Structure formats: structure tokens, C-alpha cells
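>>> Pasting the sequence and the predicted model now:
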Amino acid sequence: MINIALPKGRLGEKIYLAFEKAGYECPSIKENNRKLIFENAEKGVRYFWVKPSDVSIYVERGVADVGVCGKDILAEYSPDVYELLDLKTGICKMAVAAKKDWYDDGQTTLKVATKFVNCAKAYYASKCRDIDVIKLNGSIEIAPILGLSDVIVDIVETGTTLKENDLEVKETIFPISARLIANKASFKFKTSEIETLEAKVKSLL
Amino acid sequence: MSQTMLKQEEKIALALRSLYAKYGYISYKMSKFEEYDLYVENKDFLVGDGVITFNDTNGKLLALKPDVTLSILKNGVDGEGKRKVCYNENVYRISDKTKQFKEIVQVGLECVGDIDEYDVFETVYLAAGSLATVSSAFVLDISHLGIVSAVLNEIGCGELFSREIMRKIAEKNLHETESLCEKYGVSKENTQKLLTIVSAYGAPETALEKLAPVCKDGDAKKAYDSLLALWDLLKATEYADNIRVDFSVVNDMNYYDDIVFKGFVDGIGEGVLSGGRYDKLLAKMGRSSGGIGFAVYLDILESFGAQKRETDVDTLVLYDDSTDKASLIKTVQALVNDGASVSAQKTKNALRYRNIVDLTGGKV
């Protein structure tokens, strides 16, 4: 039995359909209910719906053998897991954005609002830029508008939200896509099952 | 003391110490505190940066020890022969997972001195034996950092590339190994070598065969031959089926440059044993000796295979102010003498119990 943690939401549903196509179907998952755990004993698979940012925790702790989560989460939390495959879906980027007319004159400490504190720190450390990180949990876009920060570090998909708030991307930090990750210990004891799943999913990319 | 009184990790610690004693490893008791300087000088050797420090009565900065190996090595002398010690110690580090300080209980061994092939074999064999003590379903992954560092030296892309690529190897991350090589302008041939290292894992024969083209000459060949020689010795043991070659086992290459290994037990989501040969660490300490050792993380094994306790005591003796105290003492003593665990309480709700003896209201 392989335990798979999927991120709740649109990306997770898309990933499930790919897994279904790869031969890991679990019909009960499509029933309209509030259940979070679904099993198909015949196919040897059990799915969990979890919060996207929690997928790596379930996998790292070994509750899920494999899981799918964005590179943003992996970069931010550095979980001790195997990253087996780039699923080339859920594509977006981690970027620095600011008000259109803003530019960095480099003379003062840069105020950076973000949900991704570690990513922001690592990026600016690589540029030797002194920053003041402001951790926010949502609506990051309003921080530069209200003067809370100079820039934001956030995920940008289409850029529509930025545009509507009169912001624009100033720098791209790294590209993001969904990744297939595996628990290191599970990989030792379910090597062939996980490798088969990886190969089947890869063949669909 | 009955074995049933011991906690799961205590039972394992007992079994491991008796295993190590059989092979001549002498128990080594360390002080709880060490001078902070020792850890500052070898900061990278520690798993995490965080060390709990405090001032001694004379103002000297001390630390609660975050590592056992450094303390053992500190006082050694070079010369002929080997020093084989085992330990059962608590260390204090920041947990990777919780980012909080954690008390970690380690049992392990170190062999320092004129290390040869036999010593490497014995250490890896005892690491496998330690895992077998915990469960028959275990895997011991072995890697040789000499192979990885030889390939990285050949590529010569510098410290930052090496650090990033080691992370990718640890993640079995083929796609990002490839993109990183592309970013740094690594040749196709050398990129292929790194990809082979990432993907060469599993049964030692298969993995070593796959790896052979990467290690045709120089330091890589030397490291490959020593890994092959180790496997030749291990395959004759009862643990041959549990041993794998896997390069995702990585340790800091400033300290480790040879065999490294990590142990996993089915049912536990993380490695429970970690070890390797650390001649470079000793060289940094100005020593000419070699050293190899490992630690078993008992805190991870705390709940593994442990039976959940159904009751707190066998018998609860219930009494109140009207109970005759002599009768209470007599009842408790009689039950204890019969081998039961007993708790005398004034309320039923304090504990979970199997039987109850009610002495309230003057009952006898």
C-alpha cells in the first residue's frame, strides 16, 4: 500500500487525475463529501487531502510515503525528503514585486513583506543586501501599497493580482512547479512500488 | 530489575551496550558540560548550529554537549593500536524538524587510531547488528564520499556548486542535478557521472556495477575499490540482504571523506542510525589517527514497538478519613507482596486500574 499526500485544491485535483491515468485510481475520491482519506485496496493506494503547505510534513514524518507539493514549499522549509520528479504542472515563480514606480536605490535597509521568510532571506543574502523581513500570512500585495514594505517576495502565477494592485514583478527568484517527493525511509522499504509509480507518472509528462 | 519495567529505548540501549561490549568496546562516561571552544572550532561537524551555553562559576563559557564524537576525540592520543569506546549519552541540539532544542539520547561507538579494513568492516557490521537489535526489517545504506569528492574535484566548479550538488544528491534529485550542471557549464560527460551517482542505489552488486564507469581511475577508483572490498566482507555476513549502496547518504565533506552510512527501520519515518569515517576531522584537530563510528538515536525509537500501557496500576486501594490506617497499610503490603502494583488513593478518578479494593466508610 502506498500512502499519497495530495494538496487540497485545484492543483491536487489535477495531480489526482494524472495519478488515476497512471493506474492509481481511487473512485471514492470523486464522491462529493468531506472525507479526507480515500483508499483503493485493489490498487494498493491510499490518498490524503492535506493543506498544500503541510504535504511535505506528512511525507517527511513518514505518514505519507509520497506526496506532491510545490517547489516553493520545498525551498521554504527544506524538508528531509527525496525529490523524485518535476511534474511540470502548477507552474509559477517566486518573485520580488513592488509598486511600478519604485526602484531600489540601495541606500537603506530594504523592507520585505513575505510569507516565504527563508526564501527571501536566502535570496537577499546571496546579493549581500541588508533587509528587514516582515512575515505576513496573506494579502501580501497590500504591504507596499500601504507603505508597510518596499517590496514583497511572493508566488506569481499570471500576475493579475499584482496588476490590479498596481504592482509589477521586479526580479524572478526561482521557477516553481509541482514535485513528487518521497519519504526517505519509505523509499527503502517500498522501493519498487515507489519507483513504479514514479516511472508511470513520468511517462505521462 | 525486571525487563518489563524498562522503557522501550532503555531495553534497546541495554541490548546495544551488551553487543558492543562483546566486541571489546569499553564504556565511556562523559561529563555533561564541555568548554564551548571545542564546538566553535568544529561547528560544521555538528548537525545543527545551536548549542546551549552558560557561564561556569569562574566565568568560563561552557556548553551542554551537542555531540559525543568531538568529546571522545578531544582527549585521545595518537600512536599504535586503537581505542574502541562505546557510550550512552544525552546530547542537546536544535531539532531539524521543530527548530527547538531537544534532548537526544544516543548510544553508539567510536574506533579511533590505526584504522584498517577490518575496523571499517567491524563498525559497519556492528551498525547493522544494532539495527537488527531493533527490528529484523531494516536497511543500512552505505555510501563512499571519496567517489563523490573525486568527481567534484574533476569538475572543479568550486565550493558553492559542490554544496548545492551535494544537496541534490541527498534528495535523489535528478532533474535539478541536471539543471544545476547546465547552469554551471559542466560538461555532458561529467553531468552524466553525477546523474549516475544520484541514480546508483539499491542492492550493492547492481549499484556498484552501475557505478563502475564513473570510477575508472584516480581517487574515484581508489574509493570505489575500498567500497567494493567492504562489500566483499559484508556479503558473507547474516546482514548481506539488509545492506544497500546509496549515495543519498551525505555528510559534511570537510570532516568525512570515506565510508558513510545511515540506518532505517521499517515503520519509522526517518533514519535511526548515522555514522561514518571522519579522518579529516581528526586531521583538523592536528591528529594523524583515523576514526570511524556511529550513533543510534534512541529518542526516535522511543515509541517503536512499545505496548501502550492499559492501566497505571494493578490495584487501586480506595480509602478515606474513616479507614483504619493499620488496615490500609496491611492491605497495601499484602497486595505488593503478591506481586501487584498498588496505589492508595482517596479518589477513583486519579488512575486507570485493573482491580479496586474499597476501604472507605470503615470497610475492612
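That came through, no problem.

>>> Could you look up the SS state of residue B:291?
strand (DSSP: H, G, I helix; E, B strand; the rest coil).

>>> What is the burial count for the closest residue to chain A within chain B?
Going by Cβ to the nearest Cβ, chain A is nearest to residue B:269 of chain B, at 1.9 Å. The C-beta positions use only the backbone N, C-alpha and C, and glycine is treated the same way. By other Cβ atoms under 10 Å in any protein chain shown, the residues close to residue B:269 number 21.

>>> where does it land on pLDDT?
Note for residue B:269: predicted pLDDT of 92.

>>> and if you look at the one 5 residues further on?
The pLDDT attached to residue B:274 in the predicted structure is 94.

>>> Number of residues surrounding it?
For residue B:274, using other Cβ under 10 Å, the count is 19.

>>> wait, does stretch A:182-191 make contact with chain B?
Yes - on the criterion Cβ under 8 Å from any Cβ of the partner chain, stretch A:182-191 is in touch with chain B at A:183-189, A:191.

>>> among those residues, who's most crowded?
Ranking the residues of stretch A:182-191 next to chain B using other Cβ under 10 Å puts residue A:183 first, with 28 neighbours.

>>> host element of residue B:107?
Assigned by DSSP states H and E, residue B:107 belongs to strand B:101-113.

>>> so the residue nearest in space to the middle of chain A bridges to which residues?
By Cα atoms, centre = their mean, chain A has its centre lying nearest to residue A:70, at 2.2 Å. Beta bridges link residue A:70 to residue A:178, judged by DSSP bridges.

>>> tell me which element the nearest residue to residue A:114 once chain neighbours are set aside falls in.
Nearest non-adjacent residue to residue A:114, counting by Cβ to Cβ, 6 or more residues apart in numbering or on different chains: residue A:153, 4.0 Å away. Element membership of residue A:153 [criterion: DSSP H and E] is strand A:151-156.

>>> packing partners for that strand?
Counting contacts by 3 or more Cβ pairs under 8 Å, 6 or more residues apart in numbering or on different chains; DSSP states H and E, strand A:151-156 packs against strand A:92-99, strand A:110-114, helix A:117-126, helix A:142-145, strand A:167-176.

>>> which residues are in contact with it?
A:70, A:72, A:92-98, A:102, A:104, A:110-116, A:119-120, A:123, A:140-141, A:143-144, A:162, A:167, A:169-170, A:173, A:176 (Cβ atoms under 8 Å, 6 or more residues apart in numbering or on different chains).

>>> Tell me the residues on chain A that lie near chain B, please.
So far as Cβ under 8 Å from any Cβ goes, chain A lies against chain B at A:60-63, A:80-86, A:183-189, A:191.

>>> In chain B, mark out all the helices, start to finish.
B:8-22, B:36-41, B:69-74, B:117-134, B:145-155, B:159-170, B:174-183, B:188-199, B:204-211, B:218-234, B:279-284, B:325-337 (DSSP state H).

>>> and the angle from the fourth one to helix B:8-22?
Angle between the axes of helix B:117-134 and helix B:8-22 is 150 degrees (criterion: axes from the mean of the first three to the mean of the last three Cα atoms, to 10 degrees).

>>> go on, the fifth one?
Taking the same axes, to 10 degrees, one finds helix B:145-155 and helix B:8-22 inclined to each other by 90 degrees.

>>> what's helix B:145-155 packed up against?
Looks like helix B:145-155 contacts helix B:159-170, helix B:188-199, helix B:218-234 (3+ Cβ pairs under 8 Å, 6+ apart).

>>> Same list, the ones you listed, but as JSON lines with distance to residue B:114 and mean pLDDT please.
Listed next are the helices and strands packed on helix B:145-155 as JSON lines, based on distance: least, Cβ to Cβ, whole Å; pLDDT from 0 to 100:
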{"stretch": "helix B:159-170", "distance to residue B:114": "30", "mean pLDDT": "93"}
{"stretch": "helix B:188-199", "distance to residue B:114": "30", "mean pLDDT": "95"}
{"stretch": "helix B:218-234", "distance to residue B:114": "16", "mean pLDDT": "95"}
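
>>> so the residue of chain B closest to chain A touches residue A:183, yeah?
Yes - counting by Cβ atoms under 8 Å, residue A:183 is a contact partner of residue B:269 at 5.5 Å.

>>> Show me the domain layout of chain B.
B:3-307, B:313-358 (automatic domain parsing).

>>> Redo the ones you listed as JSON lines? Include distance to residue A:41.
Shown next, in JSON lines, are the domains of chain B (distance: least, Cβ to Cβ, whole Å):
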{"stretch": "domain B:3-307", "distance to residue A:41": "20"}
{"stretch": "domain B:313-358", "distance to residue A:41": "35"}
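
>>> do you know which of those domains lies nearest residue A:201?
domain B:3-307 (13.2 Å; Cβ to Cβ).

>>> Please name the bridge partners of residue A:111.
With DSSP bridges as the rule, residue A:111 is bridged to residue A:132.

>>> which ones are touching it?
A:131-132, A:134, A:148-151.

>>> Which part of chain A gets nearest to chain B, residue-wise?
Chain A approaches chain B most closely through residue A:62 (1.9 Å), counting by Cβ to the nearest Cβ.

>>> Okay, and that residue sits in which element?
In the assignment (DSSP H and E), residue A:62 maps to no helix and no strand.

>>> does it really touch residue B:270, like I thought?
Yes - using Cβ under 8 Å, residue A:62 is in contact with residue B:270, at 6.8 Å.

>>> what do these two both touch?
With Cβ under 8 Å, 6+ apart as the test, residue A:62 and residue B:270 both reach residue A:185.

>>> Pull the number of nearby residues for residue A:196.
Count around residue A:196 with other Cβ under 10 Å applied: 15.

>>> And for residue B:136?
With other Cβ under 10 Å as criterion, residue B:136 counts 10.

>>> what do you get for residue B:200?
Residue B:200, neighbours per other Cβ under 10 Å, totals 20.

>>> rewinding a little: looking at the helices and strands packed on strand A:151-156, which is buried most?
With neighbours taken as mean count of other Cβ atoms under 10 Å in any protein chain shown, those reach their highest mean count in strand A:110-114, at a mean of 22.

>>> between that one and strand A:151-156, what angle do the directions make?
30 degrees.

>>> quick one: strand A:110-114 to chain centroid distance?
Here strand A:110-114 is found 21 Å from its chain centre; the criterion is Cα atoms, centre = their mean, to the nearest Å.

>>> Take the residues of stretch A:182-191 next to chain B and keep only those in helices.
A:184-189, A:191.

>>> Tell me who's in contact with residue B:298.
B:9, B:12-13, B:105-107 are the contacts of residue B:298 under Cβ under 8 Å, 6+ apart.

>>> Most neighbours among these, please name it.
residue B:107 (26 neighbours).

>>> I figured that one hits residue B:88, correct?
Yes - assessed by Cβ under 8 Å, residue B:107 is found in contact with residue B:88 at 4.8 Å.

>>> what's around the residue nearest to residue A:80 when sequence neighbours are not counted, how many residues?
Using Cβ to Cβ, 6+ apart and skipping the chain neighbours, the partner closest in space to residue A:80 is residue A:60 (5.8 Å). By the criterion of other Cβ under 10 Å, residue A:60 has 22 neighbours.

>>> same question, residue B:340
Neighbour tally, residue B:340, other Cβ under 10 Å: 14.

>>> Including distance to chain A, could the helices and strands packed on helix B:145-155 go into a markdown table?
Listed next are the helices and strands packed on helix B:145-155 as a markdown table, based on distance: least, Cβ to the nearest Cβ, whole Å:
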| stretch | distance to chain A |
| --- | --- |
| helix B:159-170 | 8 |
| helix B:188-199 | 10 |
| helix B:218-234 | 17 |
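
>>> Of all the ones you listed, which one comes closest to residue A:52?
That would be helix B:159-170 among the helices and strands packed on helix B:145-155, by Cβ to Cβ, at 22.5 Å.
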